[in-house]
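Undergrad: Fold the following, please.
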Amino acid sequence: MSKGLFSFFLIFVALFLGALYFSNAIQAPLVSSLNSIKSSYHNAIEFIENKFEQHTFQASEITLLKENLQKYKDNHLVMQQLASEINDLLKENNSSLKTNPEVELVRTISYEEFGDLNRVWLEIKNYDPSKVYGLTHNELVAGIVVPKNTKPLALLNRDVKSSYAVYVGPQQAPGIAHGNNSEFLVVMFIPAWFSVNVNDEVVTSGLDNIFFKGLKVGKVISVTKAQGYQNAVIEPYYGSNDPGYFHMIRRVR
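TA: Residues are numbered from 1 along each chain as shown. Below is the predicted model:
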């Protein structure tokens, strides 16, 4: 290959990669195609695993799983009934308030980029990219879901752009929690007149319309004060070692 042809090839590759990186028009269909392939792969793997488990699980283990599933369904029905009765009570008292939460199980497709464990693509049916959704794992706050090229991208707790409203400690000091790409989270803009101490628990406030109130986030490990506010470093309860499935909060109330 001549030097001229080789140089032309390098320039062509550089231009293509640059367009791919900066152009949403090129990124969007490529990401969509790759995620469709990954989703099909996960479906095939799960099908094989389920078939294998059907032949290898002992009958007692299958029975136990079915019992646990039935308990979950029963509890879900009880919660639906409670929500229905609360709505009826509010209606009876001519209140415009209502409660009708909606939670959905969603599956991870892949990491957005190799080396970044804080961002994963999700498989979500009927996804609305105009909204931000809360993400939980085993009833612990895991992060938020935001759109990227109209596709659902999970920003897990430690991501610097993952933020939501919280309460800190027994006085319910308000603040904004976000990641800092490290092991811990930070809660900022806590008013100075609230008492915040090490080991205080941090929970969601529900004031951002992303999470329910009271979901567990973590515990305070240090507190600093500056310019009329307090900042607290938080050790999160959720660890992102196995981001396979999450529950996404479609609607808070």
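
Undergrad: Tell me where the stretch 151-253 of the chain has strands.
TA: Ranges of strands within the stretch 151-253 of the chain are 151-156, 163-168, 173-179, 185-191, 201-204, 216-226, 229-236, 245-251, based on DSSP state E, counting those that start in this stretch.

Undergrad: Now do residue 127: how many residues are near it, please.
TA: By other Cβ atoms under 10 Å, the residues close to residue 127 number 18. For the C-beta atoms, the positions are set from N, CA and C on the backbone; glycine is no exception.

Undergrad: per-residue confidence at it?
TA: On pLDDT, residue 127 comes in at 94.

Undergrad: give me phi/psi at it?
TA: phi -80, psi 130 (degrees, to the nearest 10).

Undergrad: Point out the most buried one among the strands of the stretch 151-253 of the chain.
TA: Stretch with highest mean neighbour count among the strands of the stretch 151-253 of the chain: strand 163-168 (a mean of 24; mean count of other Cβ atoms under 10 Å).

Undergrad: Neighbouring strands - and their directions - for that strand?
TA: strand 173-179 (antiparallel), strand 201-204 (antiparallel) (DSSP bridges).

Undergrad: Using TSV, lay out those strands together with distance to residue 117 and mean pLDDT.
TA: Formatted as TSV, the strands paired with strand 163-168 follow (distance: least, Cβ to Cβ, whole Å; pLDDT from 0 to 100):
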stretch	distance to residue 117	mean pLDDT
strand 173-179	11	96
strand 201-204	22	96
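
Undergrad: sec struct for residue 126, please.
TA: Under DSSP: H, G, I helix; E, B strand; the rest coil, the three-state class of residue 126 is coil.

Undergrad: That one: how many residues sit nearby?
TA: The burial count for residue 126: 6, using other Cβ under 10 Å.

Undergrad: what comes up buried for the helix or strand residue 147 falls within?
TA: Using DSSP states H and E, residue 147 falls within strand 140-148. Neighbour-count burial for strand 140-148, counted by 16 or more other Cβ atoms under 10 Å, picks out 141-146, 148.
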